[in-house]
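**Q** Dropping a prediction and its sequence here:
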Amino acid sequence: MRVQYIGGVGDPTLYGELAQLLSERFDLTDLDLVSSNNSLSIQPRGINKGVAFLQALALEGIIRSSIFIVGLGDAPNDKELFEQADLRIGVRKEAEPLADIIVNEGDRATLVVMKGMK
């Protein structure tokens, strides 16, 4: 489940406070909470974008070590995906601690990066 502010970057403390409140009131031992400036992701522990990516490769019969992976992400909930990537591109400032490169183009960043790849 993801709770997200759609109008852009919201209150930077809101989703952290919501995660804290949920943790205090509910037993979340089987869940991971990942907050950012504009969202709170609530997901089963151990299930994340990195795990899903590796499963997709396996389903296609692709050996991970045989390909170069570029990961694109915009927030802390992309951490596990970035861990699987050879090159990590953050498309928002919020991903800076996780990324090798930051592309400051906002929502159009993915398109900008993809156009530059040949």
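**A** All right, it came through fine.

**Q** Look up phi and psi at residue 37.
**A** phi -70, psi -20 (degrees, to the nearest 10).

**Q** residue at max distance from the center of the chain?
**A** Going by C-alpha atoms, centre = their mean, the residue of the chain most distant from its centre is residue 25, 25.5 Å out.

**Q** What residues does it make contact with?
**A** Contact partners of residue 25, counting by C-beta atoms under 8 Å, 6 or more residues apart in numbering, are absent. All C-beta spots, glycine's among them, are computed from the backbone N, C-alpha and C.

**Q** quick one: residue 73 from residue 84, how far?
**A** As judged by C-beta to C-beta, to the nearest Å, residue 73 and residue 84 stand 11 Å apart.

**Q** Looking at these two, which is more packed in?
**A** A count of neighbours by other C-beta atoms under 10 Å puts residue 73 above the other of residue 73 and residue 84, at 23 against 17.

**Q** That one - nearest residue in space that isn't next to it in sequence?
**A** In this structure, residue 73 finds its nearest non-sequential neighbour in residue 95, 5.2 Å apart by C-beta to C-beta, 6 or more residues apart in numbering.
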